[in-house]
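When you get a sec, could you give me coordinates for this:
(chains A, B, C and D)
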There are 2 protein chains.
Amino acid sequence: MSASPERREELLATAAEVFAAQGYNATTVRKIADAAGMLAGSLYYHFDSKESMLDEILSTFLDELWARYDAVLEAGLGPRETIEALVTESFREIDQHRAAVAIYQKESRHLQTQPRFAYLADSQARFEKAWLGTLERGVATEVFRADLDIRLTYRFVRDTVWVAASWYRPGGQHSAEEIARQYLSMVLEGIALRE
Amino acid sequence: MSASPERREELLATAAEVFAAQGYNATTVRKIADAAGMLAGSLYYHFDSKESMLDEILSTFLDELWARYDAVLEAGLGPRETIEALVTESFREIDQHRAAVAIYQKESRHLQTQPRFAYLADSQARFEKAWLGTLERGVATEVFRADLDIRLTYRFVRDTVWVAASWYRPGGQHSAEEIARQYLSMVLEGIALRE
DNA sequence: CTCCTTCCCTAACAAGTGTTTGGTAGGTTA
DNA sequence: TAACCTACCAAACACTTGTTAGGGAAGGAG
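All right, here's what the predicted structure looks like:
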């Protein structure tokens, strides 16, 4: 009936790895069970469906992400410092929840249509509001360029950060903070040499 | 036995739309047939498997992409002009083969492992060689910044371009060339206001 | 020892999967 | 008219899918 929370988390972690590597639909419960060293049916002692595993992975990821984002947004920083902090927190999140982020990237678009995953659309809306608002504030205070389509800029900044989840591996030669620093340097200053 | 090439292309186009919207594994042959206004079995008059549809979509896409890239790379342009031309051609490709690009983005990573799709890995290697080489040339000739990790820069430029396929819709308010121009401006000059 | 809980296995289920086989309406060719 | 080809349908196939039901080993509690 009831299962220990530690075992749940273990199984969710391995499930997330398989989901991230193979894609949710391509992942069978038997593959997850294999990776966990048990049989398919045994998973249903801990979870009541494959979909609820995905749900739990994504919702706990988003909960933690927003805890970090809210802390940044409520700190009263300037536009540029806010962007820097949001990007840095994003890379930290990628560092610690790489699999969940990769799943979110791949699956959230078509999951949003299902009622069960409506919170993905809500989160995306808050996401857009936070980033777009900060960018607009930066344009108004002459911190960011005014000659760019701001919506395009938003997508640009957002995507450059989160696609990193598709290639980033923790324990590589760059730390999350170092990658954030270089990304910010590219996004803010550009890659062309100034004379 | 044999089918007309025009009908094949029609069916491949609708199949690509469904693959891009739902993901390859989540797309059943019955859904493709539905979208094409026929029954599942009828698809096998034109194609010998679902996988060969995917194969044909991706390989024809890559063939056309490389025809464009090779033309740019053989033009003898400077590093900055080469990057600009590659980015512009990429956005034109996204404009004209949005579905194929979206599929490539989503599925190529785990398809590469299958022998049938080994050409995806080959293409990615050529891809990296072309972009990395141009960036290195730019650093050597003092056109691009030398203080950045060049491999990180490569992933940055590559990703910022191709993720656009996930939200770009042809016929929007910006043309492919206009988006390319703004993207290049952000990547090269940065989004921060210079004083 | 006995009871109970935790955690997993064995074995099956119904539904959905990609694919095949045989047939057939309609047009083209001879 | 007769033979033929194109493009599809109808119905089934073997297999995989997520999920369920009953059982049992291990270990702690009384």
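
list the contacts for the nearest residue to residue A:72 once chain neighbours are set aside?
Distances taken as C-beta to C-beta, 6 or more residues apart in numbering or on different chains put residue A:85 closest to residue A:72, at 4.5 Å, once the chain neighbours are dropped. Using the backbone N, CA and C atoms, a C-beta is placed for each residue, glycine as well. Counting by C-beta atoms under 8 Å, 6 or more residues apart in numbering or on different chains, residue A:85 touches A:72, A:75, A:77.

so how far is the one helix or strand the first one maps to off the chain centroid?
It stands for residue A:72. Residue A:72 is part of helix A:50-73, with elements assigned from DSSP states H and E. In terms of C-alpha atoms, centre = their mean, to the nearest Å, the centre of helix A:50-73 is found 8 Å from the chain centre.

what about dumping the CA coordinates of it to CSV?
C-alpha atoms of helix A:50-73 as CSV (Å, rounded to 0.1, in the frame of the first residue of the first chain):
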residue,chain,number,x,y,z
LYS,A,50,3.5,5.9,-15.7
GLU,A,51,1.9,9.3,-16.2
SER,A,52,2.0,10.0,-12.5
MET,A,53,5.7,9.4,-12.5
LEU,A,54,6.2,12.0,-15.2
ASP,A,55,3.8,14.3,-13.3
GLU,A,56,5.7,14.0,-10.1
ILE,A,57,9.1,14.6,-11.8
LEU,A,58,7.9,17.7,-13.6
SER,A,59,6.0,19.3,-10.8
THR,A,60,8.7,18.9,-8.1
PHE,A,61,11.2,20.3,-10.6
LEU,A,62,9.0,23.4,-11.3
ASP,A,63,8.3,23.9,-7.6
GLU,A,64,11.9,24.1,-6.8
LEU,A,65,12.7,26.3,-9.8
TRP,A,66,10.0,28.8,-8.8
ALA,A,67,11.3,28.9,-5.3
ARG,A,68,14.6,30.1,-6.7
TYR,A,69,13.1,32.5,-9.2
ASP,A,70,10.8,34.1,-6.7
ALA,A,71,13.7,34.7,-4.4
VAL,A,72,15.5,36.5,-7.2
LEU,A,73,12.5,38.5,-8.4
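
buried ones in that helix?
Neighbour counts over helix A:50-73 (16 or more other C-beta atoms under 10 Å in any protein chain shown) mark A:50, A:53-58, A:61-62, A:65, A:68-69, A:72-73 as buried.

What of stretch A:18-27?
Within stretch A:18-27, the residues scored as buried using 16+ other C-beta under 10 Å are A:18, A:19, A:20, A:21, A:22, A:23, A:24, A:25, A:26, A:27.

Chain neighbours aside, what residue packs nearest to the fourth one?
The reference is to residue A:21. Closest residue to residue A:21 in three dimensions, ignoring its sequence neighbours and counting by C-beta to C-beta, 6+ apart: residue B:110, at 6.7 Å.

Correct me if wrong: that neighbour contacts residue A:25.
No - with contact defined as C-beta atoms under 8 Å, residue B:110 does not reach residue A:25; the gap is 11.7 Å.

Walk me through the domains of chain A.
A:1-48, A:50-189 (automatic domain parsing).

confidence score at the residue in chain A that DNA strand D sits nearest to?
Relative to DNA strand D, the nearest point of chain A is residue A:41 (2.6 Å; C-beta to the nearest atom of the strand). For residue A:41, the model assigns a pLDDT of 90.

what about it, distance to residue A:47?
To residue A:47, residue A:41 is 12 Å away according to C-beta to C-beta, to the nearest Å.

The two: which has the busier surroundings?
Legend: neighbour count by other C-beta atoms under 10 Å in any protein chain shown for residue A:41 and residue A:47, higher for residue A:47 (20 against 10).

roughly how far apart are that one and DNA strand C?
The gap separating residue A:47 from DNA strand C is 11 Å, by C-beta to the nearest atom of the strand, to the nearest Å.
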